[in-house]
Structures are given as C-alpha cells and as structure tokens.
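Enquirer: give me coordinates for this.
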Amino acid sequence: MRGPVFPAIFLAAAMLSLALPAAAQESQQPHAVRDSGGAWSGATAQPYLSPRDTALFAKRIETDLAAKGAHVAIVFRAGRPRATMPKGISYTHAAFWVYGDIEGGDGYADKGYSVYNLYQGDGRDLPRDKSYLKQDFPVDFVGGSQADDVGVIIPSPEMQRRIFDIIESPAYERLHVADYSVIANPLDARYQNCTEFVLDVIAAAAWNTDDYAQIKADLKAHFQPTVVRVNGLARLIGPMVDSAVKTGDQSGPLMTATYESVAAFMRGNGLMAQTYRLDRNKP
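Expert: Now for the predicted structure:
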C-alpha cells in the first residue's frame, strides 16, 4: 500500500528549500529576518545579532571598506543559518555598498555607505515571485544576517567607477528583471534574484552595455555558475509549493550565481582588487 501523498510532497519541498543556495533573496522586513528560501515557508527568524552588535558590525564593515579606499564594494551576507545551506555556498544575499553623501534627519549630509539591494516581495504588498530595488543602509544589511561574517568583493578602481556610473543611471533599473526565482539561472533572462542582479550590473560595467540579451550572451561565454545539487523529487515538487521557486529557466543541473562564482568570475577577468571574508569576532 502506498503511503500518504501530502507528507511526501511537503518533505520534498523541505528538501529543496534546504538546498536552495546563496542566490536566495531575502524580503526586507523591519522587525524580523526572513529568508526567501522555501525552508522558512513564510516564517520569520529571530535576529541573530543584538541591535548593539548589529550596529557595531555594520560600522566595522564600513570602516574596513573605507580604510581600503573602496568607493564601491559588493558585500554578501548569510540570511539563513549556515547549517541549512548546501556545502560550498556561504551567503544568501548580495548588495552594492556605495560611499558618498548621506543626508541625515537634521538636513546635514555626512559621508558613509549606502546599500543598493534587490529585495524579494514579501507575499503581502508584493508577490513572492516578484522583486523590487531599494536603497537602505549598512545597519539594515547586517540586521538581516544569521552569521558572524560577510563576504566582500572590492572591484578594481576602474570597475568601481563603471559600476557607480550604472547605479547612478537609468540603466540600473533597466537591468532589473521583476520576475523572481530563488534559484534563477544567471545565464537565462527569464528570472532574476539578488546575486544575479549584482552579476548583471557587473557584466554591464565590464562590457559597457546595458543590452540585456548581449549581457546574457557574454555571461554564457565567460561565467561559470554554481551548481546546486538536489534530488529529482525535490526539484519537481518545489515549484508546486513555493511560487518563488521557479525552474523553467533551468535545463540539466540547477545553476545559480553565488559569492563563490561571482568572485571567481571577477578574479578570472581582472575585474577585482581583492576579495575576503570579514568576521566580526576576529581582528
């Protein structure tokens, strides 16, 4: 006799959720950390760091980037516990940190970093399979972390200039694909997540084009995605239980963009000054 069907479906979905990689984008929520990977299934996680530690770590990242002379950096955080992420994938969210004037509540401008994100819809104000662009600040970024470290990529000075020019231009929004998938294939134009968006901006800067079809063609020739290993049942059932899990842009092994693959791409093409991990508990 066959066992119950529905428990098997939910088990398969959970298996896929746990395997979803660093490309998984997080919804922005003011009072709770929520990772868009299906493992949370709409639940919220308690903040990993206290408000004080969040502020201290955010300031440490800013100080570190400033000391290195970074006007534009790419920072990655782990928005879900490391134990739930597949081997070889360390982070769930990527964003650009841009140094410049920040206007305070008193009307005066100060120098600091602004953070440029792609966020997934929260399922209320925006469907979970849609995304939007938002600029916030380092403390918001660190507040979504579930780990003690971040990954950092500092582009070459020329690439920093080019990326900044794109962020400040209409091309930045044109590179945004609102149709969202947790495991978007970075070589396909149908869906996008935060790390793929970051990669697309990097590619646009590297090849001096905002022609999206050309960007994808160039990435197919030069970018090696991260392979996400899940079993066939989980791959089949995942899209049925979470609208943000789409695999229509995948053929063969599931592929996505991660800190590891973006860093390898930039290193291999002479686009970076350095990459490293910054741990708040280490000097």
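Enquirer: quick one, longest helix in the protein?
Expert: Ranked by residue count, the top helix of the chain under DSSP state H comes out as helix 51-67.
Enquirer: touching that one from outside, list them.
Expert: Contact partners of helix 51-67, identified using C-beta atoms under 8 Å, 6 or more residues apart in numbering, comprise 47, 49, 73, 75, 97, 99, 112-113, 137-139, 141-143, 145, 150, 152, 154, 278, 280. To be clear about C-beta, it is placed using only N, CA and C from the backbone, and glycine gets the same treatment.
Enquirer: helices - which of those land there?
Expert: The helices, defined by DSSP H, take in 138, 139, 141, 142, 143 from the contacts of helix 51-67.
Enquirer: out of those residues, who's nearest residue 249?
Expert: Closest approach between the ones in helices among the contacts of helix 51-67 and residue 249, by C-beta to C-beta: residue 141, at 27.3 Å.
Enquirer: separation between the closest one and residue 88?
Expert: 23 Å (C-beta to C-beta, to the nearest Å).
Enquirer: tell me which of these two has more neighbours.
Expert: residue 141 (24 against 13; other C-beta atoms under 10 Å).
Enquirer: and for residue 68, the neighbour number?
Expert: 13.
Enquirer: got it, and residue 189?
Expert: By other C-beta under 10 Å, 19 other residues sit near residue 189.
Enquirer: what do you get for residue 103?
Expert: For residue 103, the count of nearby residues is 9 (other C-beta under 10 Å).
Enquirer: quick one: contacts for it?
Expert: residue 109.
Enquirer: 10 Å instead, please
Expert: 109, 110 (C-beta atoms under 10 Å, 6 or more residues apart in numbering).
Enquirer: beta partners for it?
Expert: Taking DSSP bridges as the rule, residue 103 bridges to residue 109.
Enquirer: look at it and report its pLDDT.
Expert: At residue 103, the pLDDT value in this model is 78.
Enquirer: and it, how far is that from residue 93?
Expert: The gap separating residue 103 from residue 93 is 25 Å, by C-beta to C-beta.
Enquirer: now do residue 208
Expert: Note on residue 208: its distance to residue 93, by C-beta to C-beta, is 27 Å.
Enquirer: quick one, which of the two is more surrounded?
Expert: residue 93 (30 against 9).
Enquirer: okay but the more buried one is in contact with residue 76, surely?
Expert: Yes. Contact criterion C-beta atoms under 10 Å: residue 93 and residue 76 qualify, at 6.7 Å.
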